[in-house]
Structures are given as C-alpha cells and as structure tokens.
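Participant: pasting a predicted model and its sequence here:
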Amino acid sequence: MTVSTPAPITPDTKDWTWVLERACPECGLDARTVGRDELGEAIRRNAAEWAPVLAQPTAAQRPRPDVWSPTEYACHVRDVHGLFGRRVRQMLDEDGARFANWDQDATAIEQRYDLQDPAEVGPALVAAAEQVAAIYDGVPDDAWGRQGVRSNGDLFTIESLGRYHLHDVVHHAWDVSP
C-alpha cells in the first residue's frame, strides 16, 4: 500500500519575535505580562487544552489542503516543547549558546505528522510539556538572563525564550480552536 504525501504547507517565514514587544492580535497573548515564575504552569495549562481537540473525530483531518490538521499542530507543539527544553538546557550549560537551525516544515514531513495517531500524540505532547515546564520551574533566579543566539542571529535570554515559547504553543491552540 502506498501512502501519499499530503499537500505541502506554505512555510511560515514570519519573524515572530515581535510577540515579545506587544500582544498578539490573533491569539490575544501578551507575553510581556507573563512572569517567568508562571511559565511552567502556563505551559502545563496549554498542554491540557489539547486533549479535547485531539479527541474530536476530525482531529486528523485538515480543514483545507494547505492547513495542518489539529493532530499535525499538536505534533508540532510536542516537538516545540522538546526543542525549547533543549535550548534552555543549552543556555544553562553554555555561555553564549548558539542554537542550530530547526526547520519545522521539514520536521513535519520527515516525521509524517499527517499520519500520527491523535490518541498517541496527546499524551506525548503532555509529557513533553511537563518536561520543559519542569526545566523552567528549575531555572535559578540568577540564570534567567543567560543568553542564546538563534541561527538567524536573534538574541534571547532564558526569560525571553520562555515567553516566546509560550506564545508559540498558545497561538497554535488558538489556530485549532473552533
């Protein structure tokens, strides 16, 4: 049996770092108002929002050929949690951490997000969220200003990276909301 590859998604090439300076007009999150001590719990709350989304009978169906299904978004969120966990650990361990590029669209194709089972993705997303939330919970007070540089040159502190991370997952929950 041959499994066809779904229609490609147009890559999102926007620079989303502006969400650190003002509220997102789409999802409504103002990342500036989230305290660093709130990041872990906010990520856990967001992870809990995915269970009812993934329980829908249409969770694996794309609403349009060029838009990810809720399951594909959930796969992305799961992987975002892992990526940000690795980056925060790297910032804690290395002075001037430099992050390797991550191509989210290539990952979606390589990992076949379109074929993943929503019943398996949900628990994996929650587990990944818990792991990264625990990392944020454990950041020492004097480490929140440690820096890392993304492959495109964007500079983050652990605190700004956490807020950026939170916006990403909140925005994707908004993407799949009815």
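Facilitator: Great, that's in hand.

Participant: next one: the residue positioned nearest the centre of the chain from residue 128, what distance?
Facilitator: Nearest to the geometric centre of the chain sits residue 80, at 3.6 Å (Cα atoms, centre = their mean). Applying Cβ to Cβ, to the nearest Å, the value for residue 80 to residue 128 is 8 Å. Where C-beta positions appear, they are placed from N, C-alpha and C, glycine not excepted.

Participant: near residue 68, how many other residues are there?
Facilitator: Neighbourhood size, residue 68 [other Cβ atoms under 10 Å]: 21.

Participant: I'd say it and residue 12 touch.
Facilitator: No: the pair residue 68 / residue 12 is not scored as a contact, 10.5 Å apart, by Cβ atoms under 8 Å.

Participant: can you pull out the helices in the chain?
Facilitator: Secondary structure of the chain (DSSP state H): helices at 39-54, 70-93, 104-110, 118-137, 158-175.

Participant: how about stretch 15-35: buried residues?
Facilitator: Using 16 or more other Cβ atoms under 10 Å as the test for burial, stretch 15-35 gives 19, 20, 24, 27, 29, 31, 34.

Participant: typed the wrong thing, it's stretch 94-113
Facilitator: 97, 99, 108, 113.

Participant: my guess is residue 83 meets residue 102, correct?
Facilitator: Yes: at 5.8 Å, residue 83 and residue 102 qualify as touching, with contact defined as Cβ under 8 Å.

Participant: mind exporting the C-alpha coordinates of the lowest-mean-pLDDT helix or strand in the chain to PDB?
Facilitator: Least confident helix or strand, the chain: helix 104-110 with a mean of 91, by mean pLDDT, DSSP states H and E. The C-alpha trace of helix 104-110 is given here as PDB (Å, rounded to 0.1, in the frame of the first residue of the first chain):
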ATOM      1  CA  GLN A 104       9.700  22.900  11.400                       C
ATOM      2  CA  ASP A 105       8.300  22.200   8.000                       C
ATOM      3  CA  ALA A 106      10.900  19.600   7.100                       C
ATOM      4  CA  THR A 107      10.300  18.000  10.500                       C
ATOM      5  CA  ALA A 108       6.600  17.800   9.800                       C
ATOM      6  CA  ILE A 109       7.300  16.000   6.600                       C
ATOM      7  CA  GLU A 110      10.100  13.700   7.900                       C
END
